[in-house]
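> Attaching a predicted model along with its sequence, questions to come.
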Amino acid sequence: MAVHGAMTVREILAMPINTHVYGQFVVRDCELRGSEGRYFLRLLLGDKTGVIPAYVWNFDINQRSPKVGDVAKIQGTRGEFQSSPKIDVQWGSLRRGDIPVDELIDLPSVPDFARKYIEQIDRLFAAELTDPHLKRWSQYFLGNDGFREKFCLWPAAKSNHHAYPGGLIRHTYHVMQMCRQAAREMYPELLTPIGYQTLLFAAVFHDVGKLEELAMHPITGDVYYTDRGQRFGHILLGRDRLREAAAKLDIPQGLVERVDELILGHQGKKEWDTVREPVTLEGVILAAADYFDSQIGNMEMAYRGYTAGVGEDFQFVRPFGRYMYVADASERKQNNLERELRLGTADNGSRSSSA
């Protein structure tokens, strides 16, 4: 829906090439390009309906360029480059906008589902994490309000699986539940009690390094890599964070090394940037659960990025390295199993109350 009579990103994407367009958008990225007196800006503009690149030509480098999080008012032409939509804007047709940023995008905040996931982790740990050292180690993190808030807010990735607020805790909970099901319901005869509890602990904290690897813009919610994240990656950052806490709590070295093996190998294969391929059954279970949920998360992100009537039925999804069918995204959103299960539960409750 248009804001204050301006066009939305979705409306612009649906327009033919060379159409005059205008509107106000949040600047999600800004990059100066060019040389020798011929400069231009490459912007990524967004609102609640989507994002689109915009090229501001003949930019005067003596003037202030927009910053990420600014609202920009533009007039330009709907263009296309290598089959990708864009907006072409002349420098004089870019102005500071006057629409409040929260009318254009949803400011990043902890979603309700994220709080439910961390509460379910609390309950499961209280019931099944009986080793005193693992309990103290887990509470060092989960008992800290600042950690909990960030853990619930953070995405699991910059652009691949679960790349949205709350994505990290959702991925974490799914991985933990798959590890739990494999251990308790499928192969209980192969795991020891301490092996099982170590697996649960590592499942919850396997991606804790992403809290340092990734940063989030406080206005746009856009995710980027920190300097330390680019240098070391989340596996080593997470292992170090867990080790630092273990040293403060005097956790036995043997238990620390059990967790180390799981954290260092949780991405399964060296070609997937894991530090050490799994050498224990628990490590194999964790890596398999992480891979399973991340692949489904990659498809979820592809569905989220699909706009009916604008995108192609098959779109290239980079984590898979191939074109995937995404045209049924709206059907999956409107008519899914979760809704059917919820309605079934409500029907059963109505029957029970009327009986």
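Received the coordinates, thanks.

> how about low-confidence regions in the stretch 1-150 of the chain?
Residues of the stretch 1-150 of the chain that meet the criterion pLDDT under 70 lie in 1-5.

> Which parts of it are strands?
Ranges of strands in the stretch 1-150 of the chain, per DSSP state E, counting those that start in this stretch, are 20-35, 38-47, 50-57, 71-81, 84-90, 94-96.

> How is the chain partitioned into domains?
Following automatic domain parsing, one gets these domains for the chain: 9-104, 112-304.

> And the strands in the stretch 151-300 of the chain, which stretches?
Here the stretch 151-300 of the chain has its strands, by DSSP E, counting those that start in this stretch, at 214-216, 223-225.

> ranking those by burial, who's on top?
Mean neighbour count (mean count of other C-beta atoms under 10 Å) peaks for strand 214-216 among the strands of the stretch 151-300 of the chain, with a mean of 18. Backbone N, C-alpha and C define where each C-beta goes, glycine included.

> Output the contacting helices and strands for it.
Contacts defined by 3 or more C-beta pairs under 8 Å, 6 or more residues apart in numbering; DSSP states H and E place strand 214-216 against strand 223-225, helix 227-249.

> Near A288, how many other residues are there?
As a burial measure, A288 scores 17 neighbours (other C-beta atoms under 10 Å).

> before we move on, what about G344?
10.

> thinking V317 is in contact with Y306, fair?
No - the pair V317 / Y306 is not scored as a contact, 10.5 Å apart, by C-beta atoms under 8 Å.

> Need the overlap of contacts for the two.
Common neighbours of V317 and Y306, counting by C-beta atoms under 8 Å, 6 or more residues apart in numbering, are V326.

> contacting residues around L199?
The contact partners of L199, by C-beta under 8 Å, 6+ apart, come to 179, 183, 191, 262, 282, 285-286.

> Kindly report the same for Q63.
W91 are the contacts of Q63 under C-beta under 8 Å, 6+ apart.

> Looking at the contacts of L199, which are in helices?
For those, membership in helices holds for 179, 262, 282, 285-286, with DSSP state H as the criterion.
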